[in-house]
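S.K.: show me how the following folds:
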Amino acid sequence: MVMKQYDVHAEVRNAQVTAIARATLTIAEIGPWPGKAYAAIAGPPFAVTIHTCPYDAMRPAYQALVSWVSEHGGELAGDPWEVYFSDPSTEPDPATWRTQIIQPYRRA
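M.R.: Predicted structure coming up:
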């Protein structure tokens, strides 16, 4: 099996107030969003990569981010998050799904 290579890079982003939802329910079970939690997503720096393939195959992308942060003398600083660029309802081939993974870190 060939290990996929991930391009990981650092980004600086302005802090922004963002709605954050954490749930293990399916969308149908959530219904109207009953409560909103707002938090400021921390400012820089972030390690960022793009994963192209099914969602259940993202572990190597996360491992690449952790390795990159460590190799660049940093340490993880909070939970990562994902930005979905693909809509499975209009792009049925999971091999084409693109997801940006963003991992905050701090320089040691």
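S.K.: for the lengthiest helix in the chain, name the packing helices and strands.
M.R.: In the chain, assigned by DSSP state H, the helix with the most residues is helix 59-71. With contacts taken as 3 or more CB pairs under 8 Å, 6 or more residues apart in numbering; DSSP states H and E, helix 59-71 sits against strand 46-52, strand 74-76, strand 98-107. All C-beta atoms are positioned from the backbone trio N, CA, C, and that covers glycine.
S.K.: of all those, which one is nearest Arg59?
M.R.: Evaluated over these, closeness to Arg59 peaks at strand 46-52, with 9.6 Å, by CB to CB.
S.K.: pull the number of nearby residues for the closest residue to Arg98 other than its chain neighbours.
M.R.: The shortest distance from Arg98 to any non-neighbouring residue, by CB to CB, 6 or more residues apart in numbering, is to Phe85 (4.2 Å). By the criterion of other CB atoms under 10 Å, Phe85 has 12 neighbours.
S.K.: now do Pro45
M.R.: The burial count for Pro45: 19, using other CB under 10 Å.
S.K.: for it, which non-adjacent residue is closest in space?
M.R.: Using CB to CB, 6+ apart and skipping the chain neighbours, the partner closest in space to Pro45 is Ala10 (5.1 Å).
S.K.: for that neighbour, phi and psi?
M.R.: Per-residue torsions, Ala10: phi -90, psi 150 (degrees, to the nearest 10).
S.K.: distance check, it against Val48.
M.R.: Distance of Ala10 to Val48, given as CB to CB, to the nearest Å: 8 Å.
S.K.: who has more neighbours out of these two?
M.R.: Val48 (19 against 15).
S.K.: can you tell me how far the more buried one is from Asp93?
M.R.: Counting by CB to CB, the gap from Val48 to Asp93 is 24 Å.
S.K.: equivalent analysis for Ile102, please.
M.R.: Here the criterion is CB to CB. By it, Ile102 lies 24 Å from Asp93.
S.K.: those two: who's more crowded?
M.R.: Between Ile102 and Asp93, counted using other CB under 10 Å, the more crowded position is Ile102 (17 against 9).
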